[in-house]
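>>> Make a model of this:
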Amino acid sequence: MTEQPPSGVAAERHADHLLLATRMLAERCQLQARQAILEPAIGIPMICLVLVTLHPGIGSDQLIPWSLLLGATLLLRSVCAARFITRRRRDDADTVSIAGVFNLTAGLTGLLIGACAGLFFAQVDHTSRLVLTVLIFAWLALGVLTYAPFPRHALLFGGAVLAQLAVAWALAPGVPGSLVAAGVLLYGALLARLSAVLSRALLQAMQRKHRIRQLARRLAEQREQAVRAGRSAARFLAAASHDLRQPATSLGLLVTLIRERCQDPALRPLISAIDRSVTTLNDLLASLLDLSRLESNTMKPQHEWLSVEELFEALREEFEPRAQERGLTLLVTSAPIRILADRILLARLLRNLLDNAMRYTDRGAVTLAVACVERCVVSVTDTGIGIAPEHLERIFDEHVRISSPQRRSPPGLGLGLAMVRRLAQLLDARICAQSDGSRGSRFELSFALDRSAPDDSLRPLTEVLPILGTLNGFQAADSTAALEADAPPAPRAKVLLVDDDPEVAQALQSLFEARGWHADIATDASAAFARLGSSSEWALLLTDCTLNGKPDGLALALAARLARPDLRCLLLTADTSADLERQALAHGLQLVHKPVNELALLDALQNRDRLTG
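I've put the predicted structure just below:
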């Protein structure tokens, strides 16, 4: 019955064991070779001492052949060791071969050293025997260190020497040879024990070193796999959300138009429910978008001195209606302070905190405050159900949603507070949470004092412009009746919408037409550029970056701007790559990520006005 090869974990362990054994053999041969190179430097003086000790009683015709044979054996070991060390490429066959050479020469060296006792003891006096025995004992002690990488070689070497020495003493005439022979064997036993302990310690040290190397290699491989998996997941997330953001964009724009045009009170609750669902969908997609952008490092903070008072006022106007709708009180405690931060990222971070506070607060108040003592601290405090102390660190991890009988589970992916921590890191700020688990939570975002200063006259945080504002001298029609009544009719500004998705293009066209624009659609870059060249009345070019699977949108915008320097250009994209953002920024083009709604378009056009104004 043939043995089946190991599989799974057993196969991996078997392969690791073989690899470890092969590498340890190579390292032991390397260490033995380094010591073997030095053996002639020890052996030749020892041979000379033996010759001096035995020469008066032993003739040169016996000593010279013995010494030459032993010296040649030592030189052979040294030469083979030197060749092994200097060889640039060594395979397993070379290692096994040199190990065999070391084994053979160890036994031969032991036989030749022991032969000086077996051959010459009977021809010398007692004093010479004792001196020769001491020399052999010293040689054996050095051999224990020399042959430590291979315990079998040490036993072979020592056994060959001691066996002949013990027999020579046992047969020596005129002395109690049996007693000395027993002492020789006892010394040999002690050396064998010392050699075993030394070899075991050396082998264990080698094993530990190789295990550490294997673990370090596996850790590096697993880390590389984790990095590749993370990059792959980020790419997949960006690619998958691309197709989801296209219909979400058209859906959000169409719901805005339906809500304005529907006059049937019975349908308004249904439209509001659809609107809330679309808002939730857009929030989820935005979270995925932000996560993919953070994973791909496309979010680059643009630090500037911004007014805390104006930032808080904008957040109060945004969240106060929502707080009133939920029966909550929104308290805003501001101060004339400036903070060096990215206004977009800081506003997004505080929105996430305020949204989280209102989501888990049924009654009471939500407070937004700022204070500067040792650090500049922006805090969001609520009177909600609180967070258990053991969960205060975990809440900032991805996909963590704390469940309890009092805590609801609203729609979401558990990314809100994880995004808060990532955004805080981008802003060079520290974020922490405080709660006793019974009632209320407090989130603190702290900046170093050198990142804050007293407030002076600052540029306003936001500028309230008419919907899709004034462009190139053309006033877009406002949706309010008061403005229509007071202002004379204005020419309809022309906008060219370029998108290969017909649903998105039609939704954008309907929105712009409803706001008083004359909107036209093109589905590819060539047709769009031809239309731009056919008239000088175009005020705005709004194009997707990817048209029919090709990155033609950016090239179209650059070509259009060269042909018409006064033309406003705005890019839409469902791509979250860093390269695209860098290219748009390098050319001074505004980039808006899908899904996009009317307010997002307004913000982008206002940013474009401030950049070009």
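>>> contacting residues around L171?
L171 sits next to F121, A122, G177 when contact means C-beta atoms under 8 Å, 6 or more residues apart in numbering. From N, CA and C alone the C-beta is placed, and that goes for glycine too.
>>> Highest neighbour count among these?
Highest neighbour count within the contacts of L171, by other C-beta atoms under 10 Å: F121, with 23 neighbours.
>>> can you list contacts of stretch 90-108?
22, 25-26, 28-29, 32-33, 36, 73, 76-77, 80-81, 84, 87, 147, 150, 152-154, 156-157, 160.
>>> Quick check: what element follows the strand or helix carrying V79 along the chain?
Per DSSP states H and E, V79 falls inside helix 60-86. On the C-terminal side of helix 60-86, the closest following helix or strand by DSSP H and E is helix 92-120.
>>> hmm, back to that, could you tell me which of the contacts of stretch 90-108 count as buried?
Burial by neighbour count, 16 or more other C-beta atoms under 10 Å: within those this picks out 25-26, 28-29, 32-33, 36, 73, 76-77, 80-81, 84, 147, 150, 153-154, 156-157, 160.
>>> if you look at those, which of them are in helices?
Counted as lying in helices by DSSP state H, out of these, are 25-26, 28-29, 32-33, 36, 73, 76-77, 80-81, 84, 153-154, 156-157, 160.
>>> Quick one: the strands in the stretch 201-350 of the chain, in order.
Along the stretch 201-350 of the chain, the segments classed as strands by DSSP state E, counting those that start in this stretch run 304-307, 329-333, 337-341.
>>> Show me the shaky parts of the stretch 151-300 of the chain.
Applying pLDDT under 70 to the stretch 151-300 of the chain flags the ranges 174-175, 234-235, 237-243, 283-299.
>>> give me that answer again for 80
172-177, 210, 227, 229-253, 255-256, 259-260, 262-264, 268, 271-273, 275-300 (pLDDT under 80).
>>> Which parts of it are helices?
Using DSSP state H, counting those that start in this stretch, the helices of the stretch 151-300 of the chain run over residues 151-171, 177-261, 268-295.
>>> and among these, the most buried is which?
When the helices of the stretch 151-300 of the chain are scored by mean count of other C-beta atoms under 10 Å, the highest mean neighbour count falls to helix 151-171 (a mean of 21).
>>> got the angle between that helix and helix 177-261?
170 degrees (axes from the mean of the first three to the mean of the last three C-alpha atoms, to 10 degrees).
>>> returning to that earlier point: just put the helices of the stretch 151-300 of the chain in a markdown table and tack on distance to W139.
Below are the helices of the stretch 151-300 of the chain laid out as a markdown table (distance: least, C-beta to C-beta, whole Å):
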| stretch | distance to W139 |
| --- | --- |
| helix 151-171 | 7 |
| helix 177-261 | 11 |
| helix 268-295 | 67 |
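>>> domain parsing for this protein?
Domain ranges of the chain: 8-175, 243-298+464-613, 304-454, per automatic domain parsing.
>>> what comes up buried for stretch 129-148?
129, 131-133, 135-137, 139-140, 143-144, 146-148.
>>> Between the residues you listed, which sits nearest D436?
A148 (63.8 Å; C-beta to C-beta).
>>> Of all the strands of the stretch 201-350 of the chain, which one is nearest V380?
strand 329-333 (10.6 Å).
>>> wait, which of the contacts of L171 is closest to G516?
F121 (121.8 Å).
>>> Chain neighbours aside, what residue packs nearest to that closest one?
Of all residues not flanking F121 in the chain, A168 sits nearest, at 4.1 Å (C-beta to C-beta, 6 or more residues apart in numbering).
>>> which residues touch the one you found?
A117, G118, F121, A122.
>>> Using CSV, write down the CA coordinates of stretch 425-439.
The C-alpha atoms that make up stretch 425-439 are tabulated as CSV, following Å, rounded to 0.1, in the frame of the first residue of the first chain:
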residue,chain,number,x,y,z
GLN,A,425,-6.6,62.1,10.8
LEU,A,426,-6.6,64.1,7.5
LEU,A,427,-7.2,67.3,9.5
ASP,A,428,-4.4,66.5,11.9
ALA,A,429,-6.9,66.5,14.8
ARG,A,430,-7.8,64.1,17.6
ILE,A,431,-11.3,62.6,18.0
CYS,A,432,-12.6,61.0,21.1
ALA,A,433,-15.9,59.9,22.6
GLN,A,434,-17.2,60.2,26.2
SER,A,435,-20.3,58.5,27.7
ASP,A,436,-21.2,56.7,30.9
GLY,A,437,-23.5,54.4,29.0
SER,A,438,-26.7,55.6,30.8
ARG,A,439,-27.6,58.8,29.0
